[in-house]
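Trainee: have a look at this prediction, sequence included:
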Amino acid sequence: MKLSLIVLPFAALAMVPAAAHAEDAKPAADKSAPDYIPFANHGGVRDWRAEDHDTIYFQDRKRRWYKAELVRPSFDLPSTIFLGLDTEPGDRLDKWSTLYIEGERYQLSSFERIEGQPPKRKKKAKAED
């Protein structure tokens, strides 16, 4: 009985550094995780916005933003209101996915998570007559 009273506090002290080490390792694991949106065709994508002819920002259901770039520019992208996702076979949006813009197929060249909101679109200055 007396031995357990002595060993128990030391066991608790030994667990504290292990818990601190586990917390330090967690952010490193998140950075090395691949960037993708799971269940993209089933509510995984909450919102999207086009930046220019070859950059799109996607928001997942947890309100995290991702930047995707197309292999070739789509001149219809800034004005399109519908975007098709081809996420086969895993139903996740990542750099291997394909987008359909105005019926044309576009392959992604990159897909990465960004911190915070995407930049605001620049408004064109009105031409004076």
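Mentor: Right, received. Where do you want to start? Residues are numbered from 1 along each chain as shown.

Trainee: partner strands of the strand of greatest length in the chain and their direction?
Mentor: Secondary structure of the chain per DSSP state E: the longest strand is strand 104-114. Here strand 104-114 is paired, per DSSP bridges, with strand 65-70 (antiparallel), strand 98-101 (antiparallel).

Trainee: out of these, which comes closest to K120?
Mentor: Ranking those by proximity to K120 (Cβ to Cβ) places strand 65-70 first, at 12.8 Å. The C-beta positions use only the backbone N, C-alpha and C, and glycine is treated the same way.

Trainee: among the strands paired with strand 104-114, which is nearest N41?
Mentor: When those are compared by Cβ to Cβ, strand 98-101 sits nearest N41, at 12.2 Å.

Trainee: returning to what we had before: would you mind pulling the contact partners of the longest strand of the chain?
Mentor: Strand 104-114 has contacts (Cβ atoms under 8 Å, 6 or more residues apart in numbering) with 35-36, 57, 64-72, 74, 76, 86, 93-100.

Trainee: much appreciated, bye for now.
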